[in-house]
Every structure is written in C-alpha cells, then in structure tokens.
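Q: After the sequence you'll find the predicted model.
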Amino acid sequence: MKALLIISQKGFQDQEYNPIKDVLEKAHIEVETAAPEKSECIGKFGGKVMPEHAIDSVTIFNYDIIIVIGGPSALSLGNLPEFNHVIKTAWENQQKIGAICIAPMLLAQAGLLVDKKATVFPAPEAIEAFKRFKAHYVKELVVRDGNMITGNGPEAAESFGKEVVKMLKE
C-alpha cells in the first residue's frame, strides 16, 4: 500500500506530517510526499522535508490514499490548479482522500464534502466554509465518511494516522 502526503512549500504543520508519516510507515505503508515544487519544504516549526514529487507530476493512481496536511499556508494549495486537479481526479475515481487541520476546508471548497460528515480545525472561517459548501461539520478529532477521512489538527494526528491504516486495510 502507498500513501501520498501533500504539503505546502512553507509553513506545513510538522506536528501533523511527522506523526501521520510515522504511523503509516510503522504499518508498512509506503509514504511519498508532494509539494508545489520539488524543493525543500519548511514546516511551521522548522522541520525540513524534501518531497519526492511536485504536485503537477503526481500520478494519483499510484496511491491508495491522498492526504493533505494542514498548517498556516495549507490554504494556499487551493490556488493551484494542479492541486485541485489531483484531489478532484482522485475523488472522481473513488480514491480515498484525507485532510487534517485547516486542509479539510480545501476539500469543502473543491466540492468534495457536499453532504459529507467531516471535521476541521475549529477556526470560524473554516466552519463557515463548511456551511457554505454544504459539508456537515462534526466536532470530533477524526471523522470518516465513506472514502473521506478528516482530522481537526495536530492533537488528532496520531489517531488520524491510525484511522487511515484501518481504512486502507479494510
């Protein structure tokens, strides 16, 4: 099994990326990372990651799940046509998708959470976006609805990773 973690170039949430990656790898799930550019990414807390792929070169069918990591600059991914293409194509092909922290807001904006239960970092603008895009906000650490899994922030990272493993092994 193989997972793709998508992060922003600067300001991704290290405290989500690292625990999720660790949980997946301990479960023998291969993990690759994509970012807007295939160059070093710097996390909110200074963590450094060299992604294997630029988002525009990702072949989604190589992965069992696509996961979007949050952080202060995560919403900037929504401005990238290549990011929106990746998540929409994955969704249209019934692939599993995950997002944590503020990143579920990107899924809502892309129309992937219509009539779906999901969680998000409880910032007022995120909850408002959920309402505007017809997602059903659930105040939980991790929420799974069909092929979609969402987490509400760094404190949910390990539980989120474990739920992803469970989803992939079903």
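A: Received it, and whenever you're ready, just let me know what you need. Please read these numbers as outputs of a predicted model, since none were measured by experiment. Numbering: from 1, shown residues only.
Q: show me what contacts residue 47?
A: Residue 47 is in contact with 14, 17, 18, counting by Cβ atoms under 8 Å, 6 or more residues apart in numbering. C-betas here are computed from N, CA, C, even on glycine.
Q: got the contact list for residue 138?
A: 117, 118, 119.
Q: at 10 Å what do you get?
A: Contact criterion Cβ atoms under 10 Å, 6 or more residues apart in numbering gives 116, 117, 118, 119, 120, 130, 145, 150, 152 as the residues in contact with residue 138.
Q: could you measure it against residue 72, distance?
A: 24 Å (Cβ to Cβ, to the nearest Å).
Q: ok, the contacts of residue 47 vs residue 109, which is closest?
A: Proximity of those to residue 109 (Cβ to Cβ) peaks at residue 17, which lies at 21.3 Å.
Q: for that closest one, helix, strand, or coil?
A: Under DSSP: H, G, I helix; E, B strand; the rest coil, residue 17 falls in the helix class.
Q: Touching, it and residue 49? I think so.
A: Yes. Here residue 17 reaches residue 49: they are 6.9 Å apart, a contact under Cβ atoms under 10 Å.
Q: Give the residues shared as contacts by these two.
A: Common contacts of residue 17 and residue 49 (Cβ under 10 Å, 6+ apart): 5, 7, 33, 41, 43, 69.
Q: Pretty sure the third one sits in a strand.
A: This points to residue 33. Yes. Assessed with three-state DSSP, residue 33 lies in a strand.
Q: what about it, neighbour count?
A: By the measure other Cβ atoms under 10 Å, the count of residues near residue 33 is 21.
Q: who touches it in this structure?
A: Counting by Cβ under 10 Å, 6+ apart, residue 33 has contacts 3-7, 12, 17, 21, 41, 49-53, 67, 69.
Q: Specify the beta-bridge partners of the most centrally placed residue in the chain.
A: For the chain, residue 68 is the residue whose C-alpha lies nearest the centre (Cα atoms, centre = their mean; 1.8 Å). Note on residue 68: beta-bridge partners by DSSP bridges are residue 6, residue 99.
Q: Tell me the confidence at residue 108?
A: Model confidence at residue 108, given as pLDDT, is 97.
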